[in-house]
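# any chance you could fold what I've pasted below:
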Amino acid sequence: MNHEFTFAIKRILFDEHYQPADNTRITTNFANLARGERRQENLRNALKMIDNRFNAMAHWDNPQGDRYSVELEIISVEMSLQGSTQSFPSIEILKTHIIDLLTGKRSAGIVGNNFSSYVRDYDFSVVLLEHNKQQAQFSIPDNFGELHGKLFKHFVNSDTYQQNFEKPPVICLSVSDNKTYFRTENQHPVLGVEYKPNDTSLTEHYFKKMGLAVRYFMPPNSVAPLAFYFFGDLLTDYTNLELISTISTMETFQKIYRPEIYNANAVAGKCYQPNLKNSDHSLTQINYDRDERSRLAIQQGKFAEENFMKPYQTVLEQWSANNANR
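I've put the predicted structure just below:
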């Protein structure tokens, strides 16, 4: 029997009034900010940081540094088996929109940016942990990330994606603290200076299964490179303002979540190793509980196991086999 998965998209505006839905992955960057007594202040401060960074980068024809504002939309992707009335929350990403306050024009930015997935939580917080309990030294299970990669590519190639988004996604993550990055001579006016890592990482390996290539750039006036995962050609497929919308959004999140790297007081040099124990950094005025976020990733991996992987195991195996070349 040939099973097929279909997708449905829900959109929620990410503004100072945002409140996470009950089924939102609460480890997601934006959801984590929208909790606690200072939730509205957190959100307001983060959004202001994004706008300020965008205007600092888009400085041409912008003498007062206040021409643009970034509007953010949370895209929740639900997946269901054709013919089934049940759906499973599979992916959450962010869509940026660029508001030109001078002309009143609102234009699409980039979709992707932040990336979260219940199946990825399952892979990293259940499969990988269980596998390595039995191992003398760390190793990766066979077929690790295969199903997740096929599901993601299936979504990006789906009619649902094509009808809702004009361009392929770009996902922007922090650099790995167990790799060394070397500055190259290549420089882009918006993305900045390109860095090359000394080795591949598990994250690179995992995202490659999703069909994504990666390049590392340190934008102007940043202190550390960011990892950009993309399809196609990152440097020519997107406009400068589209790229700036991603940089300003994701660098702001990283300053909050990884201040030791992205709010460090020293700029990355020619040879750079990120350090999460770096004490020479500044904190933002935004509350964030990193320990809680790590703990919840395991809970959400278990949720995926109980509500998706186990009930649909046979279907998923058949579907994956039928889509071997995806």
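# ok, now which ones touch residue 215?
Residues in contact with residue 215 (Cβ atoms under 8 Å, 6 or more residues apart in numbering) are 194, 227, 228, 230, 234. Quick note: C-beta positions are derived from backbone N, CA and C, even for glycine.
# and residue 196, by the same measure?
By Cβ under 8 Å, 6+ apart, residue 196 lies in contact with 181, 182, 184, 216.
# buried subset of those?
181, 216 (16 or more other Cβ atoms under 10 Å).
# could you single out the nearest of the contacts of residue 196 to residue 277?
Nearest to residue 277 out of the contacts of residue 196 is residue 181 (Cβ to Cβ; 17.4 Å).
# per-residue confidence at the closest one?
The predicted structure scores residue 181 at 96 on the pLDDT scale.
# what do you get for residue 26?
48.
# repeat for residue 267
You'll see residue 267 listed with a pLDDT of 93.
# tell me how many other residues surround it.
With neighbours defined by other Cβ atoms under 10 Å, the count for residue 267 comes to 11.
# ok so, going back, tell me which two of the contacts of residue 215 sit farthest apart.
Applying Cβ to Cβ across the contacts of residue 215, the maximum distance is between 194 and 230, 13.6 Å.
# of these two, which one has the most company?
Taking neighbours as other Cβ under 10 Å, residue 194 and residue 230 compare with residue 230 leading, 23 against 19.
# not counting its neighbours along the chain, what's nearest the more buried one?
Excluding its sequence neighbours, the residue lying closest to residue 230 (Cβ to Cβ, 6 or more residues apart in numbering) is residue 170, at 4.8 Å.
# go ahead and confirm that neighbour touches residue 235.
No: under the criterion of Cβ atoms under 8 Å, residue 170 makes no contact with residue 235, lying 11.4 Å away.
# these two: which has the busier surroundings?
residue 170 (27 against 16).
# quick check, pLDDT for that one.
You'll see residue 170 listed with a pLDDT of 97.
# separation between residue 284 and residue 107?
Counting by Cβ to Cβ, to the nearest Å, the gap between residue 284 and residue 107 amounts to 28 Å.
# out of those two, which sits in the more crowded spot?
When residue 284 is set against residue 107 and neighbours are counted by other Cβ under 10 Å, the residue ahead is residue 284, at 17 against 14.
# helix or strand: which one has the closest residue to the more buried one other than its chain neighbours?
Spatially, and ignoring its direct neighbours in sequence, residue 284 is nearest to residue 256 (5.3 Å; Cβ to Cβ, 6+ apart). With secondary structure defined by DSSP states H and E, residue 256 is part of helix 240-257.
# on that earlier part again, what number of residues lie near the residue nearest to residue 284?
Other residues within reach of residue 256, judged by other Cβ under 10 Å, total 24.
# what is the burial count for the nearest residue to residue 113 once chain neighbours are set aside?
Leaving aside its chain neighbours, residue 113 sits nearest to residue 94 (4.1 Å; criterion: Cβ to Cβ, 6+ apart). Residue crowding around residue 94 was assessed by other Cβ under 10 Å; the count is 28.
# now do the helix or strand where residue 94 lies against helix 240-257, angle only.
Remark: residue 94 resides in strand 88-100, with elements defined by DSSP H and E. Inter-element angle recorded for strand 88-100 and helix 240-257: 120 degrees (by axes from the mean of the first three to the mean of the last three Cα atoms, to 10 degrees).
# give the buried residues for whatever helix or strand comes next after strand 88-100.
Tracing the chain C-terminally past strand 88-100 and defining elements by DSSP H and E, one meets strand 106-117 next. Of the residues in strand 106-117, those scored as buried under the neighbour-count criterion (16+ other Cβ under 10 Å) are 109, 110, 111, 112, 113, 114, 115, 116, 117.
# could I get these as a markdown table with distance to residue 78 and pLDDT?
Formatted as a markdown table, the buried residues of strand 106-117 follow (distance: Cβ to Cβ, whole Å; pLDDT from 0 to 100):
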| residue | distance to residue 78 | pLDDT |
| --- | --- | --- |
| 109 | 23 | 95 |
| 110 | 22 | 96 |
| 111 | 16 | 96 |
| 112 | 18 | 95 |
| 113 | 19 | 94 |
| 114 | 17 | 90 |
| 115 | 16 | 90 |
| 116 | 14 | 88 |
| 117 | 12 | 89 |
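# want to try JSON lines for those, with distance to residue 13 as columns?
Written out in JSON lines, the entries for the buried residues of strand 106-117 read as follows (distance: Cβ to Cβ, whole Å):
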{"residue": "109", "distance to residue 13": "14"}
{"residue": "110", "distance to residue 13": "17"}
{"residue": "111", "distance to residue 13": "15"}
{"residue": "112", "distance to residue 13": "18"}
{"residue": "113", "distance to residue 13": "15"}
{"residue": "114", "distance to residue 13": "15"}
{"residue": "115", "distance to residue 13": "19"}
{"residue": "116", "distance to residue 13": "18"}
{"residue": "117", "distance to residue 13": "22"}
